[in-house]
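Engineer: Fold the following, please.
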Amino acid sequence: MNAVCRRFLIVLAVCASPALMSAAGYKLAITPAGKAVVISWPVAAANYVLQSTISLAPASWSAVTNPVTVTSNTNFVTYTNNSAMRFFRLYLNSSTGFYLSIVRSNNTVVVFWPAAATNYVLQSTVNLNPASWLTVTNPPPVTVNNTNFFTCTNNLVSRFFRLYLNTNTTSSSFAGMVQIPAGTFTMGDVTDTNINGDAAPKSVTVSVFYMDTNVVSYGLWQSVYNFATGAGYGFSPGAGAGKAANQPVQTLDWYDAVKWCNARSQQAGLTPVYYTDAGLTQVYTNDAAYPETTTVYANWSANGYRLPTEAEWEKAARGGLSGQRFPWGNYISESLANYYGDPTNAPAPGQEGGPYFYDLGPYDFNPIFEFGGQPYTSPVGYFGPNGYGLYDMAGNVCQWCWDWYGTPYAGGTDPRGPSSGPNRVLRGGDWNDDAIMARCADRNDLYSNNPFFFTPASAYSGVFGFRCVRAH
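Structural biologist: Numbering: from 1, shown residues only. The predicted structure is shown next:
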């Protein structure tokens with residue numbers, strides 16, 4: 001999918017120092033007008049001056065005085081667009097600060113900001129009233145010569161940008177997690193008219209919670225697993241595998257993921273979530289037999305780690321976007337996720353009924369990770385994050401959710417799925433799945449304890465992983 005913005009209006013929210021950055025910020029608007037551009041910014045930015053430069057390497061910023069600034073509730077200057085490309089910034093007088101710069105080149109615009117702005121993220125929105133700011137990930141920004149930049153194709157709706165101080169992880173107790181805001185969203189398949197028949201759109205409200213930025217890595221799995229086995233926990237034979245410490249853990253069933261969550265909670269000094277009795281007195285640590293058949297109860301008010309509900313997972317996966325197939329938009333390619341490509345121009349039939357018009361491929365496994373034998377997983381966090389700062393919400397490994405699989409969705413506030421069932425929900429698709437399964441709305445379900453699926457010898461090995469969430 002192309003990242004897009006119309007040439008008629010680009011807004012840059014600029015910040016001179018972390019102390020002054022807020023969710024609102026000051027916005028620098030650049031509006032083409034014939035052979036001129038009109039540059040405007042709020043009168044309230046009384047301590048700021050408009051500066052420009054014709055080169056960013058190195059930049060030589062000077063105050064814009066010709067023509068002079070005009071003020072009529074809004075500061076603005078009209079600048080004739082007939083010389084070299086020019087960059088503008090709104091600059092806090094007497095402070096170095098961070099800034100956004102923009103240049104238009106044919107059918108693209110390029111947004112720049114200093115690499116030194118390490119605590120800031122580039123965000124964009126297509127509407128300022130009200131604004132819904134999302135982290136820019138498609139295409140992901142890149143860094144060259146100590147300058148971050150993002151190239152945006154100039155062929156669709158207006159798009160506004162800001163440099164935003166990331167305060168999503170405000171507490172050290174939630175290290176490695178991001179806060180997913182409370183809110184109502186449309187859960188289900190709105191782009192492909194409920195193609196699988198089990199994801200009819202439903203209005204769902206989810207309370208605020210925290211989610212791991214990454215799926216659980218093999219390194220993290222081993223650290224907690226070693227603690228757990230020393231503390232009396234028991235896992236299935238061969239539970240948990242990984243190609244490297246920074247690769248996702250995989251080849252594990254739902255029960256082992258749940259027990260591991262409890263062990264992680266206890267290791268961190270938190271209250272475990274999962275129990276073997278309705279009175280929530282017996283922490284779930286072991287099963288009487290394998291395959292597991294234990295009835296598991298959840299203490300939803302506990303502060304420990306747990307699996308996300310299916311509704312929480314989908315809200316988080318969408319990253320604040322509404323009605324898009326994937327966490328970043330409506331199209332997928334192997335530059336955006338680790339999955340099995342099956343585009344329209346594929347040379348052979350796909351695995352799951354493709355080819356798919358929204359799959360830009362290329363065909364087959366992602367070639368970057370097709371080495372060392374299957375599973376062809378990718379390092380956690382390899383691809384860019386979604387609007388909430390979450391990685392691998394499409395592809396790499398399928399992710400276990402709390403819910404028993406059921407249809408239709410329950411809807412309402414904080415739904416947690418049916419009270420029982422044979423299968424648990426998996427979300428997100430994996431390295432071996434087609435693009436259809438990487439969609440935010442796609443649902444997969446599987447026996448939560450069938451040993452055929454969760455052993456290294458299984459043809460299905462290497463595709464089942466998970467990530468944790470915590471209550472606010």
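Engineer: just for the stretch 1-150 of the chain, where's the confidence low?
Structural biologist: Applying pLDDT under 70 to the stretch 1-150 of the chain picks out residues 1-27, 57-58, 81-84, 92-99, 105-106, 118-119, 126-134, 137-138.
Engineer: now the strands: where do they sit in it?
Structural biologist: Counting by DSSP state E, counting those that start in this stretch, one finds strands in the stretch 1-150 of the chain at the ranges 10-14, 26-33, 36-42, 48-53, 62-63, 70-71, 74-80, 87-92, 101-105, 108-114, 120-125, 134-135, 142-144, 147-153.
Engineer: Would you reformat the ones you listed as a markdown table and include distance to Thr377 and mean neighbour count?
Structural biologist: All C-beta spots, glycine's among them, are computed from the backbone N, C-alpha and C. A markdown table is the format used below for these (distance: least, C-beta to C-beta, whole Å; neighbours: other C-beta atoms under 10 Å):
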| stretch | distance to Thr377 | mean neighbour count |
| --- | --- | --- |
| strand 10-14 | 37 | 24 |
| strand 26-33 | 41 | 18 |
| strand 36-42 | 47 | 18 |
| strand 48-53 | 45 | 19 |
| strand 62-63 | 51 | 11 |
| strand 70-71 | 57 | 10 |
| strand 74-80 | 51 | 16 |
| strand 87-92 | 41 | 22 |
| strand 101-105 | 38 | 18 |
| strand 108-114 | 32 | 20 |
| strand 120-125 | 26 | 20 |
| strand 134-135 | 24 | 22 |
| strand 142-144 | 24 | 10 |
| strand 147-153 | 28 | 18 |
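Engineer: nearest to Arg162, of those strands?
Structural biologist: strand 10-14 (2.9 Å; C-beta to C-beta).
Engineer: Let's have the strands of the stretch 1-150 of the chain in TSV, adding distance to Met177.
Structural biologist: As requested, these are exported to TSV (distance: least, C-beta to C-beta, whole Å):
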stretch	distance to Met177
strand 10-14	26
strand 26-33	30
strand 36-42	35
strand 48-53	35
strand 62-63	43
strand 70-71	45
strand 74-80	40
strand 87-92	33
strand 101-105	33
strand 108-114	26
strand 120-125	16
strand 134-135	16
strand 142-144	25
strand 147-153	24
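Engineer: count of residues packed around Pro362?
Structural biologist: Counted with other C-beta atoms under 10 Å, residues neighbouring Pro362 total 17.
Engineer: One more: the one 5 residues further on?
Structural biologist: By the measure other C-beta under 10 Å, the count of residues near Pro367 is 11.
Engineer: Excluding chain neighbours, give the residue nearest to it in space.
Structural biologist: Leaving aside its sequence neighbours, Pro367 sits nearest to Glu334 (C-beta to C-beta, 6 or more residues apart in numbering; 7.6 Å).
Engineer: Val111: what's it in contact with?
Structural biologist: Contacts for Val111 (C-beta atoms under 8 Å, 6 or more residues apart in numbering) come out as Leu12, Leu100, Ser101, Ile102, Leu122, Phe149, Phe150, Cys152, Phe161.
Engineer: Can you lay out the residues you listed as a markdown table showing distance to Lys35?
Structural biologist: Shown next, in a markdown table, are the contacts of Val111 (distance: C-beta to C-beta, whole Å):
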| residue | distance to Lys35 |
| --- | --- |
| Leu12 | 22 |
| Leu100 | 24 |
| Ser101 | 22 |
| Ile102 | 18 |
| Leu122 | 30 |
| Phe149 | 26 |
| Phe150 | 27 |
| Cys152 | 23 |
| Phe161 | 24 |
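Engineer: Which single one of those residues is nearest to Asn338?
Structural biologist: Ranked by distance to Asn338 (C-beta to C-beta), the contacts of Val111 are led by Phe150 at 22.4 Å.
Engineer: can you pull up the bridge partners for the closest one?
Structural biologist: In this entry, Phe150 is beta-bridged to Val111, by DSSP bridges.
Engineer: can you give me the helices in this structure?
Structural biologist: Remark: helices assigned in the chain by DSSP state H are 218-230, 254-267, 310-318.
Engineer: Nearest to Ala36, out of these?
Structural biologist: helix 310-318 (39.9 Å).
Engineer: and the closest one, what does it pack onto?
Structural biologist: Secondary-structure packing of helix 310-318 (3 or more C-beta pairs under 8 Å, 6 or more residues apart in numbering; DSSP states H and E): strand 177-180, strand 183-187, strand 202-206, strand 209-212, strand 398-404, strand 423-427.
Engineer: Rounded mean pLDDT for it, please.
Structural biologist: Averaging pLDDT along helix 310-318 yields 97.
Engineer: Check stretch 445-458 too.
Structural biologist: Mean predicted lDDT for stretch 445-458 stands at 72.
Engineer: that older thread, is it true that the residue nearest to Pro367 touches Asp359?
Structural biologist: No. Shown here, Glu334 and Asp359 do not form a contact pair, counting by C-beta atoms under 8 Å, at 9.2 Å.
Engineer: Residues that sit against both of those two, list them.
Structural biologist: The contact sets of Glu334 and Asp359 overlap at Gly341 (C-beta under 8 Å, 6+ apart).
Engineer: Would you work out how far apart the start and end of stretch 370-388 are?
Structural biologist: Using C-alpha to C-alpha, to the nearest Å, the end-to-end distance of stretch 370-388 comes to 29 Å.
Engineer: Give the buried residues for it.
Structural biologist: Residues 375-388 are the ones in stretch 370-388 that count as buried (16 or more other C-beta atoms under 10 Å).
Engineer: which one of those residues sits closest to Ser207?
Structural biologist: Among the buried residues of stretch 370-388, Tyr388 lies closest to Ser207 (C-beta to C-beta), at 15.0 Å.
Engineer: who's in contact with that closest one?
Structural biologist: Per C-beta under 8 Å, 6+ apart, neighbours of Tyr388: Thr135, Asn168, Val178, Ile180, Met211, Ala316, Gly319, Gly320.
Engineer: Give the burial count for the last one, as a bare number.
Structural biologist: Right, Gly320. Residues lying near Gly320 (other C-beta under 10 Å) number 20.
Engineer: gap between the closest residue in space to it that isn't next to it in sequence and Ser101?
Structural biologist: With C-beta to C-beta, 6+ apart as the criterion, Gly320 has its nearest non-adjacent residue at 4.1 Å, and that residue is Gly387. Distance of Gly387 to Ser101, given as C-beta to C-beta, to the nearest Å: 23 Å.
Engineer: Output the helices and strands packed on helix 310-318 as JSON lines; include the columns mean neighbour count, mean pLDDT and distance to Gln250.
Structural biologist: Output for these, formatted as JSON lines (neighbours: other C-beta atoms under 10 Å; pLDDT from 0 to 100; distance: least, C-beta to C-beta, whole Å):
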{"stretch": "strand 177-180", "mean neighbour count": "21", "mean pLDDT": "92", "distance to Gln250": "21"}
{"stretch": "strand 183-187", "mean neighbour count": "17", "mean pLDDT": "94", "distance to Gln250": "26"}
{"stretch": "strand 202-206", "mean neighbour count": "18", "mean pLDDT": "95", "distance to Gln250": "27"}
{"stretch": "strand 209-212", "mean neighbour count": "23", "mean pLDDT": "96", "distance to Gln250": "15"}
{"stretch": "strand 398-404", "mean neighbour count": "25", "mean pLDDT": "96", "distance to Gln250": "9"}
{"stretch": "strand 423-427", "mean neighbour count": "24", "mean pLDDT": "95", "distance to Gln250": "12"}
